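S.K.: Show me the folded form of this:
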Amino acid sequence: MALINCPECGKQVSIEAQTCPGCGYPIAEKQAQTQAAPPAGAPLPASQTQVLAEIRPSWWGFFWYLFFFWLIIPPIIAYFRRAATVLRIYPQRVTLERGLLSKSYQDINPKDIRSIDIDQSFLQRLVGIGTLTLSTAATVDAAEELRSIPDPKAVRDLILAQRGGQ
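M.R.: All right, here's what the predicted structure looks like:
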């Protein structure tokens, strides 16, 4: 029967003993762990290096992050789209400005406007907005569509008043 020194108290203990009789140190447990671990720097056997499964957290754990991401991004997009379109009505002209970084300016003479169309869905009628389409005589297919215009009938009446006032 082989003897080893107890790592705790240094006394001679049998390798078959469960604990050190002097201090109670668990010799058998520590002996099994040191035998199972390969020596430092030695390559691991292939059975220990094979990946059995790669586990990542579920997307359900990130549900609220994704949910609030979709609640935050659309208002930002809506803000920039709203800021990118401006319709100005002056006594002698109507101007349409589009874009944030690259700009497009259109001046329309109220007398050149052939028709002003208003399209409103049921929900748009409830909230008082609509799509205003300005068709001009300047070119064949020149129709400017302006979405989500508040009180489109009043805007149409104001443009028609400018056309009649000249």
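S.K.: Can you name the element that comes right after the helix or strand of the chain with the lowest mean pLDDT?
M.R.: Sorting the helices and strands of the chain by mean pLDDT, DSSP states H and E puts helix 46-49 at the bottom, at a mean of 68. Remark: after helix 46-49, the chain's next helix or strand is helix 63-83, criterion DSSP states H and E.
S.K.: pLDDT below threshold where in this protein?
M.R.: 1, 33-42, 44-48, 52-55, 58, 139-140, 165-166 (pLDDT under 70).
S.K.: quick one: the strands in it?
M.R.: For the chain, applying DSSP state E gives strands covering 3-5, 12-14, 85-89, 94-98, 104-108, 113-119, 129-136, 143-150.
S.K.: Please identify the most buried of those strands.
M.R.: Burial among the strands of the chain, expressed as mean neighbours by mean count of other CB atoms under 10 Å, is greatest for strand 129-136, which shows a mean of 19. The way it works is simple: take the backbone N, C-alpha and C, and place the C-beta from them, glycine included.
S.K.: so what strands line up beside that one?
M.R.: Strand 129-136 pairs in its sheet with strand 113-119 (antiparallel), strand 143-150 (antiparallel), by DSSP bridges.
S.K.: Can you add distance to Arg56 and give the ones you listed back as TSV?
M.R.: Putting the strands paired with strand 129-136 into TSV (distance: least, CB to CB, whole Å) gives the following:
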stretch	distance to Arg56
strand 113-119	48
strand 143-150	42
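S.K.: and Pro91, which of these is closest to it?
M.R.: strand 113-119 (14.6 Å; CB to CB).
S.K.: how about the strands paired with strand 129-136, which one is nearest Ala78?
M.R.: strand 143-150 (9.2 Å).
S.K.: who touches Gly128 in this structure?
M.R.: By CB atoms under 8 Å, 6 or more residues apart in numbering, the contact set of Gly128 is Pro150, Asp151.
S.K.: Thanks again, I'm all set now.
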